[in-house]
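Q: everything below, folded, please.
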Amino acid sequence: MEEDKEESSKKKLRQDDPPVTAASLFTDDLILEVLSRLPARSVCRFKCVSTPWRDLIADPVNRKKLPQTLAGFLYTTCGRSSPWDISHHFASVSGGAAPVDTSLPFLQPNKYKYIAHVDTCNGLLLCACFSKETPAADNDEFRYVVCNPATERWIELPPIPQAWATRIHNATRLAFDPKMSSHFHVLEFGQDVGSYVTGADIFSSQTGAWIRRDCGLVEKIQVFHGITSVFFGGMLHLVGRLNLNPTSTDEGSALLVVDMEGKAWKTIRLPNGFSNCAIGLSRGCLYYASTTRAHVRNNNNKKTNVRATDIALWCLENYDSKEWVLKHSASIDEPLGITGVRWRVFAIHPDCLTIFLVPWGGDVLASYNVQHQKFAHILNVGKDKIPIYLPYVPLFSEALAGADGP
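A: Take a look at the predicted model:
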């Protein structure tokens, strides 16, 4: 009788115990190993599994092992007293605090009096640093610096050889992929008097030196300012415009593509001609997004005073064939209720089909979710901004070969 009571008591205790799940049997190291192999978007979702998982993912030590998603955009505002009276800012896509100090105080503040944010790529930031309060054209007073704002490690690049300084430069881009190498490249594209790309000066952090390469393209192409590039498959992709036959009705927008040795150059035609556009790498594919303005028509097929924003999103599903596939198109009347403005795309989210837009001459930064076909207001950015927004994905690993800093 006593044995039956004891057995009954043990069963009751087992029933009252919390259920044992498969996840609870994993060690923290094993969980981190699994999470490190997942897309950044999935890692963010798994913060909601439990409090221990949230703390595990948010731990600063563990962040070095886990993929990160888009945190927001770096942008600059100008003061009214001087064109060089500038301030750097961060626009978070989630409404959180800036993950870095945008003034970059670790970049020898006593040496660099003026710092311009030039480009970003996979966690690294390319800056143009001047030793005087007012930037000058003298190359002796100017240096490119590549840094990782999350780890405060940085590298000052040597100047481009003076003998090369006769060519006009119109675009400088950063190329880096921590999955491929801890080394990076900086490409400064040169143009002729007709504004067509003639080649590039390329810096490799592996060799520590610049090389000059001519493009050798039959086509003439102009690289657009203020549109970010994409480093994909070991090739840098920039948006430009081809010089077509003047009688052609096609406006000839295209991607300029170059490898890191400057030996392979090509162009990839973009759909629907010249427009307010951006390119981006999302979920492993190259995407192209654009906006155009169109009049809304009433039931009698007459134009009204209200204008719509036409949005198109294309994917280069087969890179070798260079064929773009239209994934989404929509016409939206006066997005966010803002009237009389023309919207332009400036970025595409790397982990989901969301595009980011700003109105020309406006002070709003917004997003458009393709799946739900909805605009969302992110923040007001001020009217004295420099209209270049650099996407920033934090890189917490120490991967930056040859860097100075902590």
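Q: neighbouring contacts of stretch 265-277?
A: Here stretch 265-277 makes contact (Cβ atoms under 8 Å, 6 or more residues apart in numbering) with 215-217, 219, 221, 227, 237, 239-242, 250-258, 288-292, 312, 314, 316, 322, 324, 326, 342-345, 360. Every residue, glycine included, has its C-beta placed from N, CA and C.
Q: now, these that are in helices?
A: Counting by DSSP state H, no part of the contacts of stretch 265-277 is found in helices.
Q: ok, of the residues you listed, which come out buried?
A: With burial judged by 16 or more other Cβ atoms under 10 Å, the buried subset of the contacts of stretch 265-277 is 215, 217, 219, 221, 227, 237, 239-242, 252-258, 288-292, 312, 314, 316, 324, 343-345.
Q: which other helices and strands contact the helix or strand where A171 lies?
A: Using DSSP states H and E, A171 sits in strand 168-176. Counting contacts by 3 or more Cβ pairs under 8 Å, 6 or more residues apart in numbering; DSSP states H and E, strand 168-176 is packed against strand 114-121, strand 124-130, strand 184-191, strand 230-232, strand 235-242.
Q: okay, now V341: neighbour count?
A: Applying other Cβ atoms under 10 Å, we find 18 residues neighbouring V341.
Q: who's in contact with the nearest residue to it once chain neighbours are set aside?
A: Distances taken as Cβ to Cβ, 6 or more residues apart in numbering put P359 closest to V341, at 3.7 Å, once the chain neighbours are dropped. Residues in contact with P359 (Cβ under 8 Å, 6+ apart) are 338, 341-344.
Q: rerun at 10 Å
A: Residues near P359 by Cβ atoms under 10 Å, 6 or more residues apart in numbering: 309, 335-336, 338, 340-344, 365-366.
Q: and the pLDDT at it?
A: Looking at P359, its pLDDT stands at 84.
Q: surely P52 is within a helix?
A: Yes: using DSSP: H, G, I helix; E, B strand; the rest coil, the assignment for P52 is a helix.
Q: if I look at it, how far off is K322?
A: 48 Å (Cβ to Cβ, to the nearest Å).
Q: for the contacts of P359, which two are the farthest from each other?
A: Comparing every pair within the contacts of P359 by Cβ to Cβ identifies G340 and L365 as the most remote, at 18.0 Å.
Q: tell me which of the two has more neighbours.
A: Set G340 next to L365 and count neighbours by other Cβ under 10 Å: L365 wins out with 23 against 11.
Q: quick check: nearest residue in space to that one, chain neighbours excluded?
A: The shortest distance from L365 to any non-neighbouring residue, by Cβ to Cβ, 6+ apart, is to I378 (4.6 Å).
Q: surely that neighbour is in contact with F90?
A: No: assessed by Cβ atoms under 10 Å, I378 is found out of contact with F90, at 11.7 Å.
Q: who's in contact with stretch 208-218?
A: With contact meaning Cβ under 10 Å, 6+ apart, stretch 208-218 is reached by 155, 157-161, 163-164, 167, 186-190, 196-204, 221, 242, 256, 258-259, 261-267, 402.
Q: among those, which ones are buried?
A: 155, 157, 160, 167, 186-190, 196-204, 221, 242, 256, 258-259, 262, 265, 267.
Q: please flag which of those residues sit within strands.
A: Judged by DSSP state E, the buried ones among the contacts of stretch 208-218 include 155, 186-190, 197-204, 221, 242, 256, 258-259, 265, 267 as members of strands.
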